[in-house]
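Novice: let me see the structure of the following:
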Amino acid sequence: MLTPLASLRTGLELHLTAESRTWLRRALTEAADARPDTAAPGGGAAPDTGAAPGADVPGGGAAPRAGAAPRLPRWELHFVTAGRKCHPAPRTSDTAAAAPDPVDAARVLILHAAAPDTDTLSRLYTRGTADERRAVLLALPHLDPPPATDGALALVEDALRTNDTRLIAAALGPYAAAHLRAHQWRQGVLKCLFTGVPLAVVAGLEHRAAGDDELARMLTDYARERTAAGRTVPEDLGHVLKLARFEEIREEIEERDAP
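Specialist: Below is the predicted model:
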């Protein structure tokens, strides 16, 4: 049976042009070669720019000399340029709907292959575009070794403070389901309601919401505020409220059915 990432790569390659498949394979190979556990003894090798010191390199003039700021490793360049290199092949509307976003998928696979440390992830997230930040968030549950929990959660919590719905949705994936503290997770659920992100995208929703009295209180207050202001209550709030009130509802049923 294929692992989720193996399935992701297989599905991605099936939907890419031949040129993009070649780029993806090269990018993943170079990312794997750059893993910390494959570094050369005695401190590892300097980032490979593909040029000798002082030589001209495409799009960047001379390669870095001794004492100059190092260039990005090749795998980071692939991560950044994935939006320009990863082109889907023509496909039917049915297959297009089922396929993951190719650029997201490519970036997640690159991060998994490179196994960056937490500081590198934070830098990619902080300096990246919204799409690059989204890819970092999507990759968090797939990284091996996993990033430091506090550092990874700082990225998740930063995304939840934005109003970018794609970042919010990515932040509430499997990593948040497994690691995000209860208060921050509840606030994330409310942020989805505030911004119109469907609660169906929240990973582990049924497990984490079940019997959560505090979440039930927060959802009830939110619904009352919306109603009092003459605004509609999001349709999916009712489903989560039922989950959060599970223990209360179960007790009511047991009392009703008692002899």
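Novice: and the strands in the stretch 1-150 of the chain, which stretches?
Specialist: Under the criterion DSSP state E, counting those that start in this stretch, strands of the stretch 1-150 of the chain are mapped to 56-57, 61-62.
Novice: average pLDDT for the first one?
Specialist: In this model, strand 56-57 carries a mean pLDDT of 42.
Novice: how near is the closest residue to Leu199 other than its chain neighbours to Leu219?
Specialist: Nearest non-adjacent residue to Leu199, counting by CB to CB, 6 or more residues apart in numbering: Asp236, 4.4 Å away. Bear in mind the C-beta positions are built from the backbone N, C-alpha and C, glycine included. When distance is defined by CB to CB, to the nearest Å, Asp236 is 11 Å away from Leu219.
Novice: between these two, which is the more surrounded one?
Specialist: Set Asp236 next to Leu219 and count neighbours by other CB atoms under 10 Å: Leu219 wins out with 26 against 16.
Novice: what's the neighbour count on the nearest residue in space to Arg74 that is not next to it in sequence?
Specialist: Excluding its sequence neighbours, the residue lying closest to Arg74 (CB to CB, 6+ apart) is Glu30, at 4.6 Å. Glu30 has 19 neighbours, counted by other CB under 10 Å.
Novice: does the residue nearest to Leu199 really touch Gly196, like I thought?
Specialist: No. Between Asp236 and Gly196 there is no contact under CB atoms under 8 Å: 10.5 Å.
Novice: name the nearest residue to Leu137, sequence neighbours excluded.
Specialist: In space, Leu137 is closest to Ala170, 4.0 Å off (CB to CB, 6+ apart).
Novice: the one you found - how many residues pack around it?
Specialist: Neighbour tally, Ala170, other CB under 10 Å: 23.
Novice: Pro90 too?
Specialist: Neighbours around Pro90, by other CB under 10 Å: 7.
Novice: quick check: it vs His15, distance?
Specialist: 10 Å.
Novice: cool, Asp236 as well?
Specialist: For Asp236, the distance to His15 (CB to CB) stands at 30 Å.
Novice: just the helices from the stretch 1-150 of the chain, written as ranges.
Specialist: Counting by DSSP state H, counting those that start in this stretch, the segments of the stretch 1-150 of the chain that form helices are 4-14, 18-33, 74-85, 93-98, 102-114, 118-127, 130-139, 149-160.
Novice: nearest to Glu225, of these?
Specialist: When the helices of the stretch 1-150 of the chain are ranked by proximity to Glu225, the top entry is helix 149-160, at 20.1 Å, counting by CB to CB.
Novice: could you identify the helix or strand that succeeds the closest one?
Specialist: helix 165-171 (DSSP states H and E).
Novice: was I right about Ala171 contacting Val136?
Specialist: No. With contact defined as CB under 8 Å, Ala171 and Val136 do not form a contacting pair (10.2 Å).
Novice: common neighbours of these two, please.
Specialist: Between them, Ala171 and Val136 share these contacting residues under CB atoms under 8 Å, 6 or more residues apart in numbering: Leu155.
Novice: now mean pLDDT and distance to Ala178 too, for the helices of the stretch 1-150 of the chain, in JSON lines please.
Specialist: Putting these into JSON lines (pLDDT from 0 to 100; distance: least, CB to CB, whole Å) gives the following:
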{"stretch": "helix 4-14", "mean pLDDT": "90", "distance to Ala178": "15"}
{"stretch": "helix 18-33", "mean pLDDT": "96", "distance to Ala178": "24"}
{"stretch": "helix 74-85", "mean pLDDT": "96", "distance to Ala178": "24"}
{"stretch": "helix 93-98", "mean pLDDT": "54", "distance to Ala178": "26"}
{"stretch": "helix 102-114", "mean pLDDT": "97", "distance to Ala178": "17"}
{"stretch": "helix 118-127", "mean pLDDT": "97", "distance to Ala178": "16"}
{"stretch": "helix 130-139", "mean pLDDT": "98", "distance to Ala178": "14"}
{"stretch": "helix 149-160", "mean pLDDT": "98", "distance to Ala178": "10"}
